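Visitor: Build the 3D model from these lines:
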Amino acid sequence: MTHAERCEEYWKLREQEFEQLELRPAGAVAVDQKLLSFDRNLRIERWQSDAHLFLVSRGCAVYPGEGERAHDEFLIQYESCRFDFALRLLTFVIYFHLTRRALLPADVLEIGDMDENVEGFTHVFLSVPFFLPGKVNFMSVEDHKFSLNWIMPIFQREAEFIEKHGVEEFEKRLNASGYDYFDTRTDFHYLTRQ
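Guide: I've put the predicted structure just below:
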């Protein structure tokens with residue numbers, strides 16, 4: 001089986017799982033030309049449930065990392081961070097992943113200035129999309145791994161907290177905070193207090 005065939009098989013499995021989770025396809029989005037120069041087959045698709053809207057990358061390039069044995073896709077939820085900003089973050093993360101280094105769950109990446117970023121997020125945190133049940137992060141086709149990584153915009157204090165105390169402590173506090181991961185946050189300083 002070729003890499004392209006494995007990608008197709010993976011997406012059949014992923015779409016079946018999305019349907020079981022009551023996520024429905026909601027159309028494609030124009031992809032930045034820079035990204036298409038790395039992966040001419042890259043698509044960005046909208047998926048939605050009754051409660052949430054997502055952008056999901058769908059590519060077929062052999063991304064950096066473990067050569068042809070690993071392939072990564074990204075998901076971002078965009079109700080709380082608006083469509084334009086979510087698309088910009090997704091494009092930024094894919095470009096970084098393709099050109100700098102492979103990004104993995106628990107990575108924190110500074111995003112710099114973005115006009116669409118009215119909330120003042122400073123970083124993105126990559127996580128496993130544990131809010132979706134099943135094998136939603138890793139799937140295998142033959143002996144090749146495919147992963148779906150969740151992009152979560154975070155604030156400076158949150159990034160500093162993760163650096164100082166680690167991902168597990170951050171997730172523990174976020175889970176105990178009463179906030180849903182999808183809630184629009186404007187100030188999370190109480191979460192990161194000592």
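Visitor: how deep is Gln156 tucked in, by neighbour count?
Guide: Residue neighbour count, defined by other CB atoms under 10 Å, stands at 13 for Gln156. Quick note: C-beta positions are derived from backbone N, CA and C, even for glycine.
Visitor: Please apply the same query to Val124.
Guide: Val124 has 25 nearby residues by other CB under 10 Å.
Visitor: Can you classify it by secondary structure?
Guide: Taking DSSP: H, G, I helix; E, B strand; the rest coil as the rule, one finds Val124 in the strand state.
Visitor: was I right about it contacting Ile111?
Guide: Yes. With contact defined as CB atoms under 8 Å, Val124 and Ile111 form a contacting pair (5.9 Å).
Visitor: joint contacts of these two?
Guide: Shared contacts of Val124 and Ile111 (CB atoms under 8 Å, 6 or more residues apart in numbering): Leu89, Phe92, Pro153.
Visitor: Just give the number of residues close to the first one.
Guide: Leu89 is flanked by 25 other residues according to other CB under 10 Å.
Visitor: Then the one 5 residues further on?
Guide: Residues lying near Ile94 (other CB under 10 Å) number 27.
Visitor: longest single strand anywhere in this structure?
Guide: Ordering each strand of the chain by length in residues (DSSP state E) puts strand 144-154 first.
Visitor: What's the mean pLDDT across stretch 162-171?
Guide: Confidence for stretch 162-171, expressed as mean pLDDT, is 90.
Visitor: What lies in contact with it?
Guide: Stretch 162-171 is touched from outside by Ala106, Val108, Phe125, Ser127, Ile154, Glu158, Phe161, with contacts defined as CB under 8 Å, 6+ apart.
Visitor: Give me the residues contacting stretch 32-47.
Guide: In this structure, residues lying in contact with stretch 32-47 by CB under 8 Å, 6+ apart are 4, 18, 23-31, 53-61, 87, 90-91, 94-95, 98-99.
Visitor: Buried residues, it. List them.
Guide: In terms of neighbour count (16 or more other CB atoms under 10 Å), stretch 32-47 has its buried residues at Asp32, Leu35, Asp39, Leu42, Arg43, Ile44, Glu45, Arg46, Trp47.
Visitor: Take those residues and keep only those in strands.
Guide: Checking the buried residues of stretch 32-47 against DSSP E, those in strands are Arg43, Ile44, Glu45, Arg46, Trp47.
Visitor: any idea of the pLDDT on Ala102?
Guide: Reading off the model, Ala102 has pLDDT 81.
Visitor: what about it, how many neighbours?
Guide: Neighbours of Ala102 using other CB under 10 Å come to 14.
Visitor: doesn't Asp72 make contact with it?
Guide: Yes. Look at Ala102 against Asp72 with CB under 8 Å: they come within range, at 6.8 Å.
Visitor: mind checking which helix or strand the closest residue to Met114 other than its chain neighbours is in?
Guide: Excluding its sequence neighbours, the residue lying closest to Met114 (CB to CB, 6 or more residues apart in numbering) is Arg88, at 5.6 Å. In this assignment (DSSP states H and E), Arg88 forms part of helix 83-99.
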